[in-house]
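Colleague: Next come a sequence and a model predicted from it.
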Amino acid sequence: MALSAFDRSGDPTWYPGGGAPWAPFKLYQFEIAQEVFADWDAPLSGVPSAKLTSLIDTSEQVETKIRAFHCHKTQAKDTRRILERPGYREFARMETYVLARTRLPGLPLPEDDLLAGIPDG
């Protein structure tokens, strides 16, 4: 198996002269459940909802997310297409991720906080 940047981080032999080595505790991959794409009849794959490991409540930020979409003027067609999907506002109330890698053993899943388990300091 090839080592990734996540694996190599913190190893000063890989990045000589790069400053003090530091390694992240967790690596997440943003994902959307297959079931969402199926409900939208979108030709995208996603992952089965059972594989989602981190579910973050973003319900207080839905209107901010929508305003942010409108800032991308060159993508107006895509913005309309996304925002007009049935159930988009409900969908936007949750950010979903898969914990791809971790250096923290025994994390309880699913998580509702991306910083859960990370030591202070």
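Modeller: Received the coordinates, thanks. Residues are numbered from 1 along each chain as shown.
Colleague: what helix or strand does Asp7 sit in?
Modeller: Take DSSP states H and E as the rule and Asp7 turns out to sit in helix 5-8.
Colleague: what helices or strands is the following helix or strand past that helix leaning on?
Modeller: Per DSSP H and E, the first helix or strand lying C-terminal to helix 5-8 is strand 26-30. Based on contacts counted as 3 or more Cβ pairs under 8 Å, 6 or more residues apart in numbering; DSSP states H and E, the elements that strand 26-30 packs against are strand 94-102. Heads up, the C-betas are built off the backbone N, CA and C, glycines and all.
Colleague: Not counting its own residues, what contacts the lowest-mean-pLDDT helix or strand in the chain?
Modeller: Sorted by mean pLDDT, DSSP states H and E, the helices and strands of the chain end with helix 76-83, the least confident at a mean of 84. By Cβ atoms under 8 Å, 6 or more residues apart in numbering, the residues outside helix 76-83 that reach it are 66, 69-70, 72, 88.
Colleague: Over to stretch 107-120?
Modeller: Surrounding stretch 107-120, the residues in contact under the criterion Cβ under 8 Å, 6+ apart are 25-26, 28, 52-57, 97, 99, 104.
Colleague: Of those residues, which is the most crowded?
Modeller: For the contacts of stretch 107-120, neighbours were counted by other Cβ atoms under 10 Å; the highest total belongs to Ser54, with 22 neighbours.
Colleague: separation between that residue and Tyr28?
Modeller: Taking Cβ to Cβ, to the nearest Å as the measure, Ser54 falls 6 Å from Tyr28.
Colleague: Kindly report the same for Gln75.
Modeller: Following Cβ to Cβ, the distance that separates Gln75 from Tyr28 is 24 Å.
Colleague: Quick check on the residue of the chain most remote from its centre: phi, psi?
Modeller: Summary for the chain: using Cα atoms, centre = their mean, the residue whose C-alpha lies farthest from the chain's mean C-alpha position is Gly17, with a distance of 31.0 Å. Backbone torsions of Gly17, given as degrees, to the nearest 10, read phi 80, psi 10.
Colleague: Please apply the same query to Val47.
Modeller: According to degrees, to the nearest 10, the main-chain angles of Val47 amount to phi -130, psi 160.
Colleague: I'd like to check which residues are in contact with it.
Modeller: Contact analysis of Val47 by Cβ under 8 Å, 6+ apart lists 31-34, 98.
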